[in-house]
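Asker: Sequence and predicted model, in that order:
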Amino acid sequence: MLLEHNCAIEMRGITKRFGQVVANDSIDMRINRGEILALLGENGSGKTTLMNMLSGIYQPDEGEIYKDGERIFIRSPREAYGYGIGMIHQHYKLIEVFTAAQNIVLGLDDEKMDLRRTNEKVMEICSRYGFEVDPSRKVYDMSVSQKQTIEIIKVLYRGADILVLDEPTAVLTPQETQKLFKVLLNMKADGKAIVIITHKLHEVMEVSDKVAVLRKGKYIGTVNTSETDPQALTDMMVGHAVTLNIERPRYPEPKRKLVVENLTCVDNEGVRKLDRVSFEANTGEILGVAGISGSGQKELLEAITGLYPVKEGSIRFVRDDGSEAELVGMTPRRIRETGVGMAFVPEDRLGMGLVGSMGMTGNMMLRSWRNGRGAFLRKKEPEDLANGIWKELDVVTPSITYPVRRLSGGNVQKVLVGREIAGNPQVLMTAYAVRGLDINTSYTIYNLLTEQKMKGVAVLYVGEDLDVLIELADRILVLCGGQVAGCVDARSVTKEEIGLMMTQFNAKGAE
Ligand SMILES: Nc1ncnc2c1ncn2[C@@H]1O[C@H](COP(=O)(O)OP(=O)(O)O)[C@@H](O)[C@H]1O
Ligand SMILES: [Mg+2]
């Protein structure tokens, strides 16, 4: 095979499975020196997994990795450093009470070296690539952007010349992003090979030399940035619609059930997570919520359930008699006590959802206890309920008292969805309900949600798979950077249109 002279890493036929999920499916990809490669793909397309096989966190099930033409085996992050590969992860691994310099040398022989030498070496890296840091500053005193800088310096300090950054701009302001890009360009000029994972097409267009695209675990291709545009990249990313044949009956007369108006939420650091979001969710309807990760989906569901503080705006629950209850300012408990029937299947199934150490029965009890006045649950004993879900949803478990954390992802989700539905909610919210589930379990979940819709429930379905959203939902709300990019009829919209709304709106917002 003819290689470009600057090829640093070549991956051949890389496959990685998690249970039944094929996260990476026979991927062939190259990373060159003196270039910035953007790795693009929808949520769950396998970007992080692929790069974690370079950083030594995972080993491939199949396939080979070559560095400078020689086959290598990367068994740990330490070995990755040995090959000059360093990754800056989405979640930083710094020790808050340590200084920048202490964090940078942590775990190295240098740790014992005197601080002055370390500081000198850090300052040298800083001036070379254009970082601004104070090595003696404690991490807890730093902004997210500064913490990220420390992670990058840490990798450079260990001599990495192949750097992978996993969604580094997700946590940065536009100004901080520009600073990061300057640093990346300096590293590129220095001959380093750089991979940047991002969802933001305007960033890809701005900073990268090449773009590699993954879709549902498969490698679609690599193109030169100068020869492509956001439209073409979106097409590569989302592909042509695949027919899934999900049933989508129509409910006779949808009525308003939840009214959200000008909802604005701000996080601890003052960043607007939701910005004047307005929409309505109706009875007998699945309202899909689309958006690249971190566009405000999580905050939206949490704000509606009373878990996320609301800065401004209104969330109103419309009762059957047409009267409205304002939910803003209420705790989840207060919301339930007001007789508002809301159910929530969160992204974090064992944590926010179920208690992993308990069995199905225990988890049913937990909900009825929390429910206070759940009419359905008062009639039925938790044990009956657990038995019902076990049988009806085919939960694979040895018994209803077996700890749910030992069940497979699909079975955990069946228990959670089953329990939430048992409370006879009027609004049912789900976040990434089929993530990591096999095909059969996914269809079980789609059917359950559609059944609820046909009972007149207002279903909010936050999802990442556009094929599913287009076939399952009645309408789709598209979020972008915490704002509503649009709300469209799912029966007529195309995948490409949604893809563009998810990303292009962002580009406009940043200009
Ligand atoms: N540790 C894991 N265990 C089980 N499934 C996983 C794990 N990591 C990733 N996955 C699954 O592999 C797929 C690809 O995930 P990921 O590489 O994180 O995608 P991306 O970074 O593109 O969003 C997803 O379906 C995800 O749910
Ligand atoms: Mg990822």
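Answerer: That came through, no problem. Numbers count the residues shown, from 1 in each chain. Ligands and ions are numbered 1, 2, ... in the order given.

Asker: do you know how far the closest residue to ligand 1 within the stretch 301-450 of the chain is from residue 464?
Answerer: Ranked by CB to the nearest ligand atom, the top residue of the stretch 301-450 of the chain for proximity to ligand 1 is residue 436, at 4.0 Å. Every residue, glycine included, has its C-beta placed from N, CA and C. For residue 436, the distance to residue 464 equals 11 Å [CB to CB, to the nearest Å].

Asker: circling back: what about the residue of the stretch 301-450 of the chain closest to ligand 1, how many residues nearby?
Answerer: Residues within reach of residue 436, counting by other CB atoms under 10 Å, total 19.

Asker: ok but it is inside a strand, no?
Answerer: No: Residue 436: not assigned to a strand; according to DSSP: H, G, I helix; E, B strand; the rest coil it is coil.

Asker: if you skip the residues just before and after it, what's nearest to it?
Answerer: In space, and not counting its chain neighbours, residue 436 is closest to residue 409: 4.7 Å by CB to CB, 6 or more residues apart in numbering.

Asker: quick one: contacts for that neighbour?
Answerer: By CB atoms under 8 Å, 6 or more residues apart in numbering, the contact set of residue 409 is 19, 349, 436-437.

Asker: buried subset of those?
Answerer: By neighbour count, with 16 or more other CB atoms under 10 Å, the contacts of residue 409 hold 349, 436-437 as buried.

Asker: quick one, what contacts the closest residue to ligand 1 within the stretch 251-400 of the chain?
Answerer: Closest residue of the stretch 251-400 of the chain to ligand 1, CB to the nearest ligand atom: residue 293 (7.0 Å). By CB under 8 Å, 6+ apart, the contact list for residue 293 reads 43, 170, 199, 464.

Asker: What is the burial count for the closest residue to the first one other than its chain neighbours?
Answerer: This points to residue 43. Nearest residue to residue 43, sequence neighbours excluded (CB to CB, 6+ apart): residue 464, at 3.9 Å. Residue 464: 19 surrounding residues under other CB under 10 Å.

Asker: one step back: need the max-distance pair from the contacts of residue 409.
Answerer: Spatial extent of the contacts of residue 409 (CB to CB) is set by the pair 19 and 349 at 14.7 Å.

Asker: touching ligand 1 at all, stretch 19-30?
Answerer: Yes: using CB under 6 Å from any ligand atom, stretch 19-30 reaches ligand 1 at 21, 23.

Asker: Quick one: name the residues of this structure near ligand 1.
Answerer: 18, 21, 23, 41, 43-49, 435-436.

Asker: coming back round to it: make CSV out of the contacts of residue 409 and add pLDDT.
Answerer: Below are the contacts of residue 409 laid out as CSV (pLDDT from 0 to 100):
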residue, pLDDT
19, 83
349, 89
436, 76
437, 78
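
Asker: Which of those residues lies at the shortest distance from residue 443?
Answerer: Checking the contacts of residue 409 against residue 443 with CB to CB, the nearest one is residue 437 at 9.4 Å.

Asker: pretty sure the closest one contacts residue 445?
Answerer: Yes: with contact defined as CB atoms under 8 Å, residue 437 counts as touching residue 445 (7.0 Å).

Asker: Identify the contacts common to these two.
Answerer: Shared contacts of residue 437 and residue 445, defined by CB under 8 Å, 6+ apart, are found at residue 413.

Asker: buried residues in stretch 277-284?
Answerer: 277, 279-284.

Asker: Also stretch 484-502?
Answerer: Using 16+ other CB under 10 Å as the test for burial, stretch 484-502 gives 484-488, 490, 493, 495-502.

Asker: Next, check those residues against the strands and list the overlap.
Answerer: Taking DSSP state E, the ones among these that sit in strands are 484-488.

Asker: does residue 429 belong to a helix or a strand, and which?
Answerer: Using DSSP states H and E, residue 429 sits within strand 427-431.

Asker: how big is the angle separating the helix or strand just after that strand from strand 427-431?
Answerer: Of the helices and strands lying after strand 427-431 in sequence (DSSP H and E), the nearest is helix 439-454. Interaxial angle of helix 439-454 relative to strand 427-431 (axes from the mean of the first three to the mean of the last three CA atoms, to 10 degrees): 160 degrees.

Asker: Pairing partners for the next helix or strand after helix 439-454, with directions?
Answerer: Using DSSP H and E, the helix or strand that follows helix 439-454 towards the C-terminus is strand 458-462. For strand 458-462, the paired strands and their directions (DSSP bridges) are strand 285-290 (parallel), strand 427-431 (parallel).

Asker: what sits up against the last one?
Answerer: Taking contacts as CB under 8 Å, 6+ apart, the residues outside strand 427-431 that touch it are 257-258, 281, 297-298, 301, 304-305, 317, 340-347, 417, 420-421, 449, 452, 457-462.

Asker: just how off-centre is that strand within its chain?
Answerer: Its chain's average C-alpha position is 17 Å from that of strand 427-431, according to CA atoms, centre = their mean, to the nearest Å.

Asker: buried residues in it?
Answerer: For strand 427-431, using 16+ other CB under 10 Å, the buried residues are 427-431.

Asker: so which of these comes closest to residue 129?
Answerer: Using CB to CB, the buried residues of strand 427-431 come closest to residue 129 at residue 431, 38.3 Å.

Asker: Kindly state the beta-bridge partners for the closest one.
Answerer: According to DSSP bridges, beta-bridge pairing links residue 431 with residue 462.

Asker: before we move on, back to that, please report how far the residue nearest to residue 436 lies from residue 343.
Answerer: 20 Å.

Asker: Check the secondary structure at residue 479 for me.
Answerer: What three-state DSSP gives for residue 479 is strand.

Asker: Oh, that last question was meant for residue 133, not what I typed.
Answerer: Three-state call for residue 133 (three-state DSSP): coil.

Asker: Then residue 336?
Answerer: helix.

Asker: So what's the residue count around it?
Answerer: For residue 336, the neighbour count with other CB under 10 Å is 20.

Asker: Next one: it from residue 448, what distance?
Answerer: Taken as CB to CB, the span from residue 336 to residue 448 is 22 Å.

Asker: circling back to that earlier point, which pair in the contacts of residue 293 spans the largest distance?
Answerer: Most distant of the contacts of residue 293, by CB to CB, are 170 and 464, 14.9 Å apart.

Asker: Show me where the stretch 301-450 of the chain has its strands.
Answerer: Counting by DSSP state E, counting those that start in this stretch, one finds strands in the stretch 301-450 of the chain at the ranges 312-318, 324-326, 342-345, 427-431.

Asker: Quickly compare these and say which is most buried.
Answerer: Of these, the one with the most neighbours on average (mean count of other CB atoms under 10 Å) is strand 427-431, at a mean of 25.

Asker: Just read off the phi/psi values of the residue of the stretch 251-400 of the chain closest to ligand 1.
Answerer: Per-residue torsions, residue 293: phi -60, psi 140 (degrees, to the nearest 10).

Asker: From residue 502, how far off is it?
Answerer: Going from residue 293 to residue 502 by CB to CB gives 10 Å.

Asker: Tell me the residues that contact both of those two, please.
Answerer: Counting by CB under 8 Å, 6+ apart, residue 293 and residue 502 have no contacts in common.

Asker: these two touch, right, residue 144 and residue 169?
Answerer: No: here residue 144 does not reach residue 169: they are 11.2 Å apart, not a contact under CB under 8 Å.
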